[in-house]
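# Could you look at this predicted model? Sequence included:
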Amino acid sequence: MRSPEEIMELYAMGHLDFGENYVQELVEKKVVLPEDIRWHFIGHLQSNKVKFIAPFVHLIHSVDSYKLLMEINKQGKKHDRVIDCLLQVHIARETTKHGLSEQELDEIVNIFSKCSHVNELANIRIKGLMGMATFTHDQEQVRKEFRFLKHLYDKYSSVEYPNFKFSILSMGMSDDYQIALEEGSNMLRVGSLIFGPRTKSD
């Protein structure tokens, strides 16, 4: 966990976008930090926790199921907001990482393509894809996984439906951001690189 003081150091330099992995931490920081911060939720999100961040979250990176997407839409409607989301695709070898399969991604895209569903999905906006590569020293494996995600991003970038238009490809963290940039990422998650490694108490 990064302290509000650490975040304020970057905020004072003009940085407004900050990401959090845990709902409770995000809510706590929202209360004590400046109102104009754009909060990104980047961790695994449980459906029953969406209601806590729906009033203010700027972008949810980790939509990994249609069920979660519908809950975000439901909570967005309650707060009269359209909530921006990224669809998380499972590209890593690790089974512990979350994300949609290519088939599940196709199914969600097809739902947006059907006019009868447009009104039901009026409070979410799909902005692109997110993916996390395998944690490995094998850079070619990481590159292969990022390249596959870029392929999916390109596949759907020409598609535009109501509340569905790709502009964000979020891939690359502190250990692999250089490869991610080379493979087409336009949004990075590099907290450890900026703040330094987490201590055991974080």
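Cool, the structure landed.

# Helix or strand with the lowest mean pLDDT in this structure?
Counting by mean pLDDT, DSSP states H and E, the chain has its least confident helix or strand at helix 191-195, which shows a mean of 61.

# what's the pLDDT at residue 198?
Note on residue 198: pLDDT of 57.

# what do you get for residue 162?
82.

# what does residue 173 give?
We have a pLDDT of 89 for residue 173.

# correct me, but residue 149 touches residue 169?
Yes - counting by C-beta atoms under 8 Å, residue 149 touches residue 169, with 7.1 Å between them. In this view, the C-beta of every residue, glycine as well, is placed from N, C-alpha and C.

# what sits in contact with each of those two?
residue 129 (C-beta atoms under 8 Å, 6 or more residues apart in numbering).

# On the three-state scheme, the residue nearest to the spatial centre of the chain is what?
Central residue of the chain (C-alpha atoms, centre = their mean): residue 61, 1.0 Å from the mean position. Judged by DSSP: H, G, I helix; E, B strand; the rest coil, the three-state class of residue 61 is strand.

# What residues does it make contact with?
Neighbouring residues of residue 61 by C-beta under 8 Å, 6+ apart: 19, 40-42, 86, 88, 130, 170, 189.

# The residue nearest to residue 83 when sequence neighbours are not counted: how many residues sit nearby?
The spatially closest residue to residue 83, leaving aside those adjacent along the chain, is residue 76, at 4.4 Å (C-beta to C-beta, 6 or more residues apart in numbering). By other C-beta atoms under 10 Å, 23 other residues sit near residue 76.

# Check what contacts the strand or helix carrying residue 76 and list those residues.
Element membership for residue 76, per DSSP states H and E: helix 66-78. Helix 66-78 is contacted by residues 45, 47, 50-51, 54, 60, 63, 82-83, 85, 104, 107-108, 111, 120-124 when judged by C-beta under 8 Å, 6+ apart.

# And the longest helix seen in the chain, what does it pack against?
In the chain, ranked by residue count with DSSP state H as the criterion, the top helix is helix 139-157. Packing partners of helix 139-157 (3 or more C-beta pairs under 8 Å, 6 or more residues apart in numbering; DSSP states H and E): helix 102-113, strand 124-131, strand 164-173, helix 177-182.

# Packed most tightly, which of these would that be?
Ranked by mean neighbour count, those are led by strand 124-131 with a mean of 24 (mean count of other C-beta atoms under 10 Å).
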